[in-house]
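> Could you work out the structure for the sequence below:
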Amino acid sequence: MDSTFSILEKLRVLNPGLSLHHCSEMAFHTYGMLISDVDFSGMIAAAKAFPLPAEGVEYLRSVSELEDAALLTALSKSYFNNEALQAGICQGLNDRLNALEWHPSNELIIAITDMVLFLGHRSTMNADTFDSAKIAAFFVPKGSALILYPDTLHFAPLHVAHTGFRAVIILPRMTNAPFDEATPKASSDPIHFAINKWMIAHPESPQSKRGAKVGIVGENILLHVP
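Numbers count the residues shown, from 1 in each chain. Okay, the predicted model is just below:
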């Protein structure tokens, strides 16, 4: 059996209550699409040079070593309506749902390691709440590149090995940056958490302790790994 599907089968055995798919399955198509015609090898090599954090999740919004101008311009033309882009890194250890966010744009994710994404549809929210029982989980093998559509609920990837996960994240420039005097928050919407970022959190999550609005009901889903 292919090693990718061997890992997926192990995850399914360990998480029998979770709807767990491979990102190449049709089930992923309502959340996003795979990209197979772009060479990300240089970006992947550059991302591997950054050490993984000892604990928790680290997000570096914009990393100059990853931001090849020609590549980002081409990606912007194809997937981001010619918006200026940033390329960053999300990496570390994560085994819980914790929160869900969405953006008014696509998000491009390049898996440097095997990982799992917890995804939902914003259309299934009830006002500002989401039932975690509606989460779908997708195994993403290392080397995969995919687009998440606007309004696809997502958050930090989850590790499938105890060494952690690493991914490159490409978004319109300034997405996820905090509001400040130069770019103040334009509304009182409590789930508008950062620039181009709307987020709700589970009451048990670290994000809720840091001011994110509690909006996830049900279990704070744990991913069991081999």
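
> other SSEs contacting the worst-scoring helix or strand of the chain on mean pLDDT?
When each helix and strand of the chain is scored by mean pLDDT, DSSP states H and E, helix 3-14 comes last, with a mean of 87. On a contact count with 3 or more CB pairs under 8 Å, 6 or more residues apart in numbering; DSSP states H and E, helix 3-14 meets strand 20-22, strand 136-140. C-beta: built from backbone N, CA, C; applies to glycine.

> 10 Å instead?
strand 20-22, strand 115-121, strand 136-140 (3 or more CB pairs under 10 Å, 6 or more residues apart in numbering; DSSP states H and E).

> Which stretches in this structure count as helices?
With DSSP state H as the criterion, the chain has helices at 3-14, 41-48, 69-79, 206-209.

> out of the ones you listed, nearest to P178?
Counting by CB to CB, P178 lies closest to helix 206-209 out of the helices of the chain; the figure is 13.9 Å.

> For stretch 60-70, give me every contacting residue.
Residues outside stretch 60-70 that contact it (CB atoms under 10 Å, 6 or more residues apart in numbering) are 40, 42-47, 49-50, 72, 74-75, 85-91, 110, 168-171, 173-178, 194-195.

> end-to-end on that stretch?
21 Å (CA to CA, to the nearest Å).

> from the middle of its chain, how far away would it be?
In this view, stretch 60-70 has its centroid 17 Å away from the chain centroid, taken as CA atoms, centre = their mean, to the nearest Å.

> which residues does the closest residue to L18 other than its chain neighbours bridge with?
Nearest non-adjacent residue to L18, counting by CB to CB, 6 or more residues apart in numbering: A137, 5.3 Å away. Beta-bridge partners recorded for A137 (DSSP bridges): L20, F118.

> Verify the stated contact: A137 with E25.
No: the pair A137 / E25 is not scored as a contact, 11.5 Å apart, by CB atoms under 10 Å.

> Looking at those two, which one has more neighbours?
A137 (19 against 10; other CB atoms under 10 Å).

> who's in contact with the more buried one?
A137 touches 11-12, 15, 18-21, 97, 116-119, 158, 221, 223, counting by CB under 10 Å, 6+ apart.

> Is it possible to mark the buried ones in the residues you listed?
Buried by 16 or more other CB atoms under 10 Å: 11, 15, 18, 20-21, 97, 116-119, 158, 221, 223, out of the contacts of A137.

> Sketch out the low-pLDDT regions of the chain for me.
1-4 (pLDDT under 70).

> about what we covered before: make JSON lines out of the helices of the chain and add distance to L60.
Shown next, in JSON lines, are these (distance: least, CB to CB, whole Å):
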{"stretch": "helix 3-14", "distance to L60": "26"}
{"stretch": "helix 41-48", "distance to L60": "10"}
{"stretch": "helix 69-79", "distance to L60": "16"}
{"stretch": "helix 206-209", "distance to L60": "18"}
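
> Of these, which is nearest P104?
helix 69-79 (13.9 Å).
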